[in-house]
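S.K.: This is a predicted model, with the sequence first.
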Amino acid sequence: MDDASRTPRTGGRGRTSAAGTALEKSMRVLEAVAAPGGPHRLTEVTAAAAVPKSSTHRILGALVEQGFATVEGGSRYGAGPRLRALAAQVAGAEPAGVDAVLERLQRATGQTVHLALHSGESITYIRKLEGDQPFRTASRIGMRMPLHSTAIGKSVLARLPAAEVSQLIEAAGLAPRTARTLTTPAALEADLALARERGFALDDEENEPAIRCIGAAVVDARCRPVGGVSVTTVTFLVTREQIEAYAPALRAAAEALAPLL
């Protein structure tokens with residue numbers, strides 16, 4: 001067999017090429033998306049990954065569909081909830097990691113604690129610690145929830161530019177989840193203004209009847225919200241005043257989570 005016959009063919013599915021195998025290309029695109037300074041433009045990801053633009057665009061589409069990347073501002077790509085969840089799992093393995101922060105918050109409040117990451121028009125729960133009370137909420141890890149009706153979602157919206165909030169509202173709508181859901185832009189903006197002032201958002205039976213939550217955003221180095229943490233209670237056991245008293249512990253947890261996410 002001569003040297004030419006041993007040279008990998010290019011362009012065939014599953015075969016190697018000058019840019020590497022399909023898997024290698026995908027991994028390089030994923031690394032480029034997750035690189036500091038994001039979200040990144042398509043041209044930036046293409047250059048960093050050293051993958052043809054058409055292939056990069058196709059790979060990015062698959063990564064977005066699977067939740068490993070997200071599109072921000074219509075043309076920039078950043079880390080998606082599944083990628084951030086993997087990072088959180090690695091960080092959580094350390095004593096000072098994500099789980100340790102959430103456990104401290106759960107012990108301080110005695111209530112159910114959630115950690116969720118933001119992607120596009122929704123949040124995705126990646127951690128849940130049950131409270132001490134003899135009840136269980138319906139939420140579960142991997143569940144995607146709206147931004148406008150959840151405490152974490154509203155805490156994320158409160159930290160985004162007004163133009164971006166308007167785009168998200170236009171794209172996702174303000175569907176009523178309960179009779180108490182805020183379903184007009186004016187009502188939601190007034191609530192977001194209050195959340196900015198207080199440093200936490202309140203879901204007062206807006207997403208699920210009899211469930212009350214407070215949430216605080218977790219931000220990255222650029223002060224953009226990547227997700228949030230919440231304390232969840234039931235209305236027949238914990239008053240609004242009582243859950244709002246957990247705000248200092250909640251904000252402390254959000255600050256501690258920021259460098260870990």
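M.R.: Cool, got the structure.

S.K.: residues touching the residue most central in space within the chain, list them.
M.R.: Nearest to the mean C-alpha position of the chain, counting by C-alpha atoms, centre = their mean, stands residue 117 at 1.8 Å. For residue 117, the contacting residues are 81, 84, 85, 88, 123, 124, 126, 226, 227, 261, by C-beta atoms under 8 Å, 6 or more residues apart in numbering. Where C-beta positions appear, they are placed from N, C-alpha and C, glycine not excepted.

S.K.: pLDDT below threshold where in this protein?
M.R.: 1-20, 74, 88-96 (pLDDT under 70).

S.K.: beta partners of residue 125?
M.R.: Per DSSP bridges, the residues bridged to residue 125 are residue 116.

S.K.: Quick check: it touching residue 137?
M.R.: No - with contact defined as C-beta atoms under 8 Å, residue 125 does not reach residue 137; the gap is 10.6 Å.

S.K.: Show me how the chain divides into domains.
M.R.: As given by automatic domain parsing, the domain ranges for the chain are 3-79, 82-260.

S.K.: all strands for the stretch 151-261 of the chain, in order.
M.R.: 201-204, 211-219, 225-234 (DSSP state E, counting those that start in this stretch).

S.K.: Distance of residue 171 relative to residue 136?
M.R.: 33 Å (C-beta to C-beta, to the nearest Å).

S.K.: all helices in the stretch 51-200 of the chain, in order from the N-terminus.
M.R.: 53-66, 81-92, 98-109, 151-158, 162-172, 185-198 (DSSP state H, counting those that start in this stretch).

S.K.: List of residues touching the fifth one?
M.R.: The list of residues contacting helix 162-172 from outside it, by C-beta under 8 Å, 6+ apart, reads 73, 121, 122, 146, 147, 148, 157, 160, 185, 188, 189, 192.

S.K.: cool, the fourth one as well?
M.R.: Outside of helix 151-158, the residues within contact range by C-beta under 8 Å, 6+ apart are 114, 116, 118, 122-123, 145-148, 165, 168, 188, 191-193, 195-196, 200-203, 213-217, 225, 227-230, 232.

S.K.: Among those, the buried ones, what's the ChimeraX command?
M.R.: Selecting the buried subset of the contacts of helix 151-158 in ChimeraX, with 16 or more other C-beta atoms under 10 Å as the burial test, is done by:
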select :114,116,118,122,123,145,146,147,148,165,168,188,191,192,195,200,201,202,203,213,214,215,216,217,225,227,228,229,230,232
